[in-house]
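Trainee: coords below, sequence missing:
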């Protein structure tokens, strides 16, 4: 029997009645739901965990929902965002979509429409991340066609060899890769010479990927090899 992973959502809504209704309805629809009643809590949750999608109300008690979305995008959160809002003007909708939202639903809304819009966002996101020309690990993204890498939306200035090395680590994210594996698959060296080429390139790559203020993704396991953290 095929295994289907449960989609994980973050619901950011301060009105308790709506919050309870949506959490229960989304759970009934088969989703796993975390809830935040303010922007600060939402930022903390979204920074610590990769969600399949976020549902964000704009009228939060501590900040505007648009500011929250912008902040999350700046932090590298690229999960699709469905905006909920009582603001109904075209200008408000356009601003919401231009500032990082992926879809916009006005209150009051029908549950069936919310679920349909959510499914559409999730389908689009799965299709994008499943593409063989695009790799994503946490907030690290590789465009294999354009040979570009970015983290949190910021382009990384990688050499061609560093890009190949990072691509290999991304394809094996969460798994330990040894120096022998890297020498063979990235440098084509089947016989191990006495060289520190792997260590030097990992050091340089880490300096570009794991910059100050970001959660380190490239881990060194002494005497074993390296692992790119999945979450």
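Mentor: Yep, it's here. All of these numbers come straight from a predicted model, not from anything done at the bench. Residues are numbered from 1 along each chain as shown.
Trainee: rest of the way, CA atoms for contacts and neighbours
Mentor: Noted.
Trainee: what about the residue nearest to residue 102 when sequence neighbours are not counted, neighbour count?
Mentor: For residue 102, the nearest residue in space outside its immediate sequence neighbours is residue 81; the separation is 5.2 Å by C-alpha to C-alpha, 6 or more residues apart in numbering. When counting by other C-alpha atoms under 10 Å, one arrives at 25 neighbours for residue 81.
Trainee: what does residue 106 give?
Mentor: 16.
Trainee: Against residue 74, how distant is the residue nearest to it when sequence neighbours are not counted?
Mentor: Nearest in space to residue 106, with sequence neighbours left out and distances taken as C-alpha to C-alpha, 6+ apart, is residue 85 at 5.0 Å. Applying C-alpha to C-alpha, to the nearest Å, one obtains 22 Å for the distance of residue 85 from residue 74.
Trainee: Between those two, which is the more surrounded one?
Mentor: Each of residue 85 and residue 74 has its neighbours counted (other C-alpha under 10 Å); residue 85 has more, 20 against 13.
Trainee: ok, now which ones touch the more buried one?
Mentor: By C-alpha atoms under 8 Å, 6 or more residues apart in numbering, the residues touching residue 85 are 57-59, 104-107.
Trainee: can you list these in CSV and add distance to residue 209 and pLDDT?
Mentor: CSV is the format used below for the contacts of residue 85 (distance: C-alpha to C-alpha, whole Å; pLDDT from 0 to 100):
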residue, distance to residue 209, pLDDT
57, 32, 94
58, 32, 92
59, 35, 89
104, 33, 89
105, 36, 89
106, 39, 88
107, 41, 87
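Trainee: Scan those residues and report the most crowded one.
Mentor: That'd be residue 57 among those, by other C-alpha under 10 Å, with 26 neighbours.
Trainee: who does that one bridge with?
Mentor: Per DSSP bridges, the residues bridged to residue 57 are residue 84.
Trainee: contacting residues around it?
Mentor: Taking C-alpha under 8 Å, 6+ apart as the test, what residue 57 contacts is 12-14, 65, 83-85.
Trainee: quick check, nearest of the residues you listed to residue 230?
Mentor: Taking C-alpha to C-alpha as the measure, residue 230 sits nearest to residue 12 out of these, at 24.4 Å.
Trainee: is it true that that closest one touches residue 43?
Mentor: No - counting by C-alpha atoms under 8 Å, residue 43 is not a contact partner of residue 12; they are 9.8 Å apart.
Trainee: the more surrounded of these two?
Mentor: Taking neighbours as other C-alpha under 10 Å, residue 12 and residue 43 compare with residue 12 leading, 26 against 18.
Trainee: Just grab the bridge partners of the more buried one for me.
Mentor: Under DSSP bridges, the beta-bridge partners of residue 12 are residue 36, residue 56.
Trainee: just so I have it, where are all the strands in this protein?
Mentor: In the chain, the segments counted as strands under DSSP state E are 8-12, 32-36, 53-57, 81-85, 103-106, 134-137, 140-143, 148-151, 154-155, 218-221, 225-228.
Trainee: among those, which is nearest residue 195?
Mentor: Nearest to residue 195, of all the strands of the chain, is strand 225-228, at 14.6 Å by C-alpha to C-alpha.
Trainee: hmm, back to that, may I ask which two of the contacts of residue 57 are separated the most?
Mentor: Distances among the contacts of residue 57 were taken as C-alpha to C-alpha; the most separated pair is 14 and 83, at 13.6 Å.
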